[in-house]
Every structure is written in structure tokens, then in C-alpha cells.
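Asks: output the structure for:
(one chain, ligands or ions: 1)
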Amino acid sequence: MRNKNTFHDPVLKVTGLSARYGKVTAVSDVDVAVKSSSIVTVIGANGAGKSTLLNSLMGSLPLSGSSNGSIEYLGAEISGWQVERRVDEGISLVPERRELFGSMTVEDNLLLGGFRLHKAGQKGWRDTIDEVYELFPRLKERRTQYAGTLSGGERQMLAVGRALMAQPRLLMLDEPSLGLAPRIVREIFHIIGRLRSTGVAILLVEQNARAALQVADYGYVLETGEVVLEGPASELADNPRVIESYLGLGKKKA
Ligand code: ATP
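Replies: Residues are numbered from 1 along each chain as shown. Here you go, the predicted model:
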């Protein structure tokens, strides 16, 4: 993947971000920072504003939505940029719905992920596929299989692999654990942990606080659109309020 040594840190610095749908405020005055080679998680319940936050950062809010505040990426203010430019500059979002092409093979889905690099004339863009296959041997085994026939966990792996094909500097993941069995969640989060060593900055939005805080370096707790707590992930995992609301016994995790 790209040489990440020239990184501007933090890769992402969000200040005072608010997002609305019509008159309804879904994200309110949020500050978040993500450095290279680190994993930052935003945890929160259903409707806390997690997807809205990621869509604001990606510039892909639906028509009824708008956002304001500062989004600095590699030192540049990008809040006025279109989504295409954000993608071209190395921001990737793996959306909650995964959005794969079911009637295309695993390999073709991956190659599509690298299409912008191909278009930009970047030599060797195809080689990234070997790194993706190394991270996800299961995708290599299934490279000629149609994406539509993959299991839920494999689809999630493919969605992450496809995002990596674009060689992102900022990778944003929207609830990668959604709908997956605990064993598969562990497998995927283990791979997310390994991505740190590639230098990419990861922003991981999750309802599964336990899994997210285990893999992350730093975390934020989002409640009704506001950051109510933040700190090193290990400290958040010991915080009584987090334990009570997000890690308590008997709470069902996705
Ligand atoms: P989940 O974990 O259920 O996906 P979330 O934390 O990602 O939840 P969001 O999807 O960001 O939460 O939603 C935040 C709030 O914004 C919710 O009250 C939701 O109903 C509202 N909302 C989201 N999308 C829209 C939309 N397109 N139009 C109007 N309101 C919306």
C-alpha cells in the first residue's frame, strides 16, 4: 500500500461538526480526531447519529441533510469538497449496507475498488489485491464466486477488501459487526486490528461497544448526536457509565 511515512497527523480533525435533516439535528457540535496507524471508535446506540457522522465526513448526506463545522483532512479543509474528490484524495467509507455487486465475482468487486487508481494511471494498482488476499485468505479462496452467494461475514470482508483496493489514508467503517455471529465479528475485528500496521487511519463506528473498544486505541461515546464521553479505549471500557449503558451483562450485542 502507499508509503504512509509522509502523513500529516492527525489525518482527520473534525471540529464543531453538526448535521441536520430538515430541522432535526442528528449530530451536534462534535469534535473527533484520528491519527495515522490508529483506530478510533465512535460507539452509540441506534439512532445516536453514527451513520450521519460518517456520511457528513464523506460528503454523502441525503438531500434533506446538511452539515456545518470544520473537517480537516491531511491539513486541508474539505467540508466544501464533493464526495468524488474526498474519494480521490483517499477517504473510503464501508457503508452499513455493504453495497457489493452481487452478480459479479469477488475478484471483480475488488478490482472495481481500485478503479479510480487505474483511471488515475497509478502503476501497480492491481498488486494491492495480493495484500488484500493476504489479509483475507477466505476471499482468495472464493475469488471466482459471485458476491451475491457469499455469507454475511464474507460479504463484510469483501466490502472492507474493496475499500482497501483504493489504498485509503482514512478508512471509515460503519458497523462492520452488524448482523454477524460473534465468532465472525472476532475474525473481522482481528483483521481490522492488523490494518493499523499499514499506516491507515481508521474511524470505526459501532453499536457493538465491547468489540470496538477491544480493538480501538481511542473512543468517543455518542448519545443523541453529542459526544458525552471520550478517552483511551481501555479507559472507556472501564468507565462505569460505559459499562452500565453499553457493556452491561444481559445486553444483547449485534
Ligand atoms: P443506527 O445504529 O440505527 O444505524 P445511527 O447511530 O447510525 O443509528 P443515524 O442513522 O445517524 O444513527 O440517525 C441519527 C438520527 O437522524 C435518527 O434520529 C434518525 O432517525 C435521523 N435520520 C437519519 N437519516 C435521516 C434522514 N435521511 N432523514 C431524516 N432523519 C434521518
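
Asks: could you pull out the buried residues of the host helix or strand of Leu139?
Replies: Under the criterion of DSSP states H and E, Leu139 resides in helix 137-141. By neighbour count on 16 or more other C-beta atoms under 10 Å, the buried set for helix 137-141 is Arg138, Leu139, Lys140. The C-beta positions use only the backbone N, C-alpha and C, and glycine is treated the same way.

Asks: from Asp88, how far off is Gln122?
Replies: 11 Å (C-beta to C-beta, to the nearest Å).

Asks: what's the helix holding Leu139 packed up against?
Replies: helix 128-135, helix 152-164 (3 or more C-beta pairs under 8 Å, 6 or more residues apart in numbering; DSSP states H and E).

Asks: show the pLDDT at the spatially closest residue to Ile243 that is not a sequence neighbour.
Replies: Nearest residue to Ile243 in three dimensions, chain neighbours excluded: Ala237, at 7.8 Å (C-beta to C-beta, 6 or more residues apart in numbering). Listed pLDDT for Ala237 reads 96.

Asks: ok, Ala237 to Leu247 distance?
Replies: Going from Ala237 to Leu247 by C-beta to C-beta gives 7 Å.

Asks: need the residues touching each of the two.
Replies: Arg210, Leu213 (C-beta atoms under 8 Å, 6 or more residues apart in numbering).

Asks: hang on, isn't Pro95 packed against Pro176?
Replies: No - look at Pro95 against Pro176 with C-beta atoms under 8 Å: they stay out of range, at 10.4 Å.

Asks: please say which of the two ends up with more neighbours.
Replies: When neighbours are counted by other C-beta atoms under 10 Å, Pro176 comes out ahead of the other of Pro95 and Pro176, with 25 against 17.

Asks: please give the element, helix or strand, for that one.
Replies: Of the helices and strands defined by DSSP H and E, none includes Pro176.

Asks: now do Leu195
Replies: Counting by DSSP H and E, Leu195 is found in helix 182-195.
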